[in-house]
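Trainee: all I have is the shape, not the residue letters:
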């Protein structure tokens, strides 16, 4: 069966983490159900792919391998700061999502692209690295850590994009969060990604001015499309 490289873009706008997780799960479960059904089909049906764009109100999420002690606020502190808290089934430790951040959730059937989670993660990082390059910033990887950093190999290392994914039967969930105009003070309430001694930054902080999210989104979309050879629909 020919691989389906069409990807339907879903604009969720500003949506709570819980509601967007429900949306992710609906698309994810749809693909999984179709893959199961295809096992008994003489002519299997193509599986779809989705790309969800969203911006969350302030929320801290803890990955399945995360440590609760990396959250530096108790329940009352979270409430006072207006921050929701979720334990989730993605990989990775703890991170913050909030206004001014571009969150991207690819719900891809990797059977349509390539069955290699390591390559999938590197492609997500590469799309962000190429996007940052267009703003004159040199994004890079940090050995042993997912996501995208600036000056990763120096004492001034700071993370600009966090990543955490889940995959089952080669279908992906969760994704990446790129800080654009994010209020970075929220990160003071966590140990970002469980990594001590490294900072967090944003496009706006690095460039010294606010950045249009729409422009960043188009660049990320272009580079994801190029890397995955995707056809946006």
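Mentor: Now that the structure is in, tell me what you want to look at. Here the structure is a predicted model, which means the values were calculated and not measured. Numbers count the residues shown, from 1 in each chain.

Trainee: now name the helix or strand holding the nearest residue to residue 161 once chain neighbours are set aside.
Mentor: Leaving aside its sequence neighbours, residue 161 sits nearest to residue 148 (Cβ to Cβ, 6 or more residues apart in numbering; 4.0 Å). All C-beta atoms are positioned from the backbone trio N, CA, C, and that covers glycine. Using DSSP states H and E, the element containing residue 148 is strand 145-150.

Trainee: in a helix, that's where residue 18 is, yeah?
Mentor: Yes: per DSSP: H, G, I helix; E, B strand; the rest coil, residue 18 lies within a helix segment.

Trainee: all helices for this structure, in order.
Mentor: For the chain, the helices defined by DSSP state H cover 17-38, 75-81, 117-133, 203-207, 213-228.

Trainee: report the distance from stretch 173-192 to the chain centre.
Mentor: Chain-centre distance of stretch 173-192: 11 Å, with Cα atoms, centre = their mean, to the nearest Å.

Trainee: what is the least confident helix or strand in the chain by mean pLDDT packed up against?
Mentor: Scoring the helices and strands of the chain by mean pLDDT, DSSP states H and E places helix 75-81 at the bottom, with a mean of 84. Here helix 75-81 touches strand 84-87, going by 3 or more Cβ pairs under 8 Å, 6 or more residues apart in numbering; DSSP states H and E.

Trainee: was I right about residue 213 contacting residue 102?
Mentor: Yes: using Cβ atoms under 8 Å, residue 213 is in contact with residue 102, at 6.0 Å.

Trainee: ok, the spatially most central residue of the chain - contacts?
Mentor: For the chain, residue 176 is the residue whose C-alpha lies nearest the centre (Cα atoms, centre = their mean; 1.4 Å). Residues near residue 176 by Cβ atoms under 8 Å, 6 or more residues apart in numbering: 103-104, 124, 128, 147, 161-163.

Trainee: okay then, goodbye and thanks.
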